[in-house]
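Undergrad: 3D, please:
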Amino acid sequence: MLLVIDVGNTNTSLGVYEGERLVNHWRLTSARARTTDEYGVHARNLFSLAGIDFQAITGVCIASVVPPLNFALKRMAEVYFNRTPLFIDHTTETGVPVLYDPPSDVGADRIVDAVAAIHKYGAPCIIVDFGTAMTFDAINERGEYLGGVITPGINISADALFERAARLPRVEIKRPATVIGTSTVGSMQSGLYYGYAGLVDGILKRMLAELNGEPHVIATGGLAPLIATGSELIQTVDDTLTLEGMRIIYERTKRPKSQVPSPKS
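TA: Numbering: from 1, shown residues only. Below you'll find the model as predicted:
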């Protein structure tokens, strides 16, 4: 079995694969002060609740955009699973050329999303990841990672409204019944929901005009299922895209080069 860990600025997702099957997955907060033992205890408790034998883990793969957590996670893999983890970054052989300048600036999550999207949906494609920062990643028809767009995530905007405007409350992010809000809460929810749905489609429209072919548009990340319902251009919501990309990359690194398949195009 393979344990994959996607470390984001807000959340950390864990998944366990048996071959190509995702057995179970969980989401934790990315607490930067969390220790090796805390991560180990959390992992073992989650495994126990799901009926998974932690001793069955034969590999650990980590994609992290929070460097301060890397050492604790590395030690957790070594101490609790007796495995040396594979950390994915721009130097990892993924089969997807990175044309970004410089390649080292591309987050590990964006790399694994691109790999999974190409394998599952083909190229060209665009991935919209609704994370702490919302990212748009463009893959051309040759399966090359071109780059994309980075914007503040919807939760950042919601927090800014609450913190910077004295009379505005913190609100739940949801799709309101009408665009025209009849209360302060409704007005804020409308602005956040429809504002970001419009932002997503506005950026996608321009990206689609710059890409050749007919790119498939995939959304992933915590709020993807919610915001995608207001988008006219998102075609697929894939909650586990990042975890799948990590599995694909891990398996690629463990195979002899002669047995490594090329990404679909």
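Undergrad: what ranges of the chain fall below the confidence cut-off?
TA: Of all residues in the chain, those with pLDDT under 70 make up the ranges 255-265.
Undergrad: Quickly list the domain ranges of it.
TA: 2-87, 103-259 (automatic domain parsing).
Undergrad: can you tell me which of those comes nearest to Pro97?
TA: domain 103-259 (4.7 Å; C-beta to C-beta). C-betas here are computed from N, CA, C, even on glycine.
Undergrad: mind checking how far that closest one is from the chain centre?
TA: Centroid displacement of domain 103-259 relative to its chain, using C-alpha atoms, centre = their mean, to the nearest Å, is 9 Å.
Undergrad: can you count the residues close to Ser104?
TA: Ser104 is flanked by 10 other residues according to other C-beta atoms under 10 Å.
Undergrad: List the residues that contact the nearest residue to it once chain neighbours are set aside.
TA: Spatial nearest neighbour of Ser104, excluding adjacent residues (C-beta to C-beta, 6 or more residues apart in numbering): His90 at 5.1 Å. By C-beta atoms under 8 Å, 6 or more residues apart in numbering, His90 lies in contact with 98, 103-104, 106, 111.
Undergrad: Check Glu144 too.
TA: Counting by C-beta under 8 Å, 6+ apart, Glu144 touches 96-99.
Undergrad: Repeat that for Ile62.
TA: Applying C-beta under 8 Å, 6+ apart to Ile62 gives the contacts 4-7, 70, 73-74, 77, 85-88.
Undergrad: Of the contacts of Glu144, which belong to helices?
TA: Using DSSP state H, no member of the contacts of Glu144 falls in helices.
Undergrad: okay if I get those as JSON lines plus neighbour count?
TA: Shown next, in JSON lines, are the contacts of Glu144 (neighbours: other C-beta atoms under 10 Å):
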{"residue": "Val96", "neighbour count": "21"}
{"residue": "Pro97", "neighbour count": "12"}
{"residue": "Val98", "neighbour count": "20"}
{"residue": "Leu99", "neighbour count": "13"}
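Undergrad: nearest to Leu49, of those residues?
TA: Val96 (35.1 Å).
Undergrad: May I see the buried residues of the top helix by length along the chain?
TA: In the chain, ranked by residue count with DSSP H as the criterion, the top helix is helix 184-210. Within helix 184-210, the residues scored as buried using 16 or more other C-beta atoms under 10 Å are 186-193, 196-197, 199-201, 203-204, 207-208.
Undergrad: Which other helices and strands does it contact?
TA: Judged by 3 or more C-beta pairs under 8 Å, 6 or more residues apart in numbering; DSSP states H and E, helix 184-210 is in contact with strand 125-130, strand 133-139, strand 145-152, helix 154-164, helix 224-228.
Undergrad: Let's have those in TSV, adding distance to Leu22 and mean neighbour count.
TA: As requested, those are arranged in TSV below (distance: least, C-beta to C-beta, whole Å; neighbours: other C-beta atoms under 10 Å):
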stretch	distance to Leu22	mean neighbour count
strand 125-130	18	26
strand 133-139	22	23
strand 145-152	24	17
helix 154-164	25	15
helix 224-228	17	20
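Undergrad: Confirm for me that Leu233 is in contact with Ala209.
TA: No. Applying C-beta atoms under 8 Å, one finds Leu233 not in contact with Ala209, separated by 11.6 Å.
Undergrad: What is the subsequent helix or strand relative to the helix or strand containing Val79?
TA: Using DSSP states H and E, Val79 sits in helix 70-80. On the C-terminal side of helix 70-80, the closest following helix or strand by DSSP H and E is strand 86-87.
Undergrad: Burial check on the closest residue to Val185 other than its chain neighbours, number of neighbours?
TA: With C-beta to C-beta, 6+ apart as the criterion, Val185 has its nearest non-adjacent residue at 5.2 Å, and that residue is Val171. Residues near Val171, counting by other C-beta under 10 Å, number 18.
Undergrad: now the longest helix of the chain and strand 145-152, what's the angle there?
TA: Compare the direction of helix 184-210 with that of strand 145-152 by axes from the mean of the first three to the mean of the last three C-alpha atoms, to 10 degrees and you get 160 degrees.
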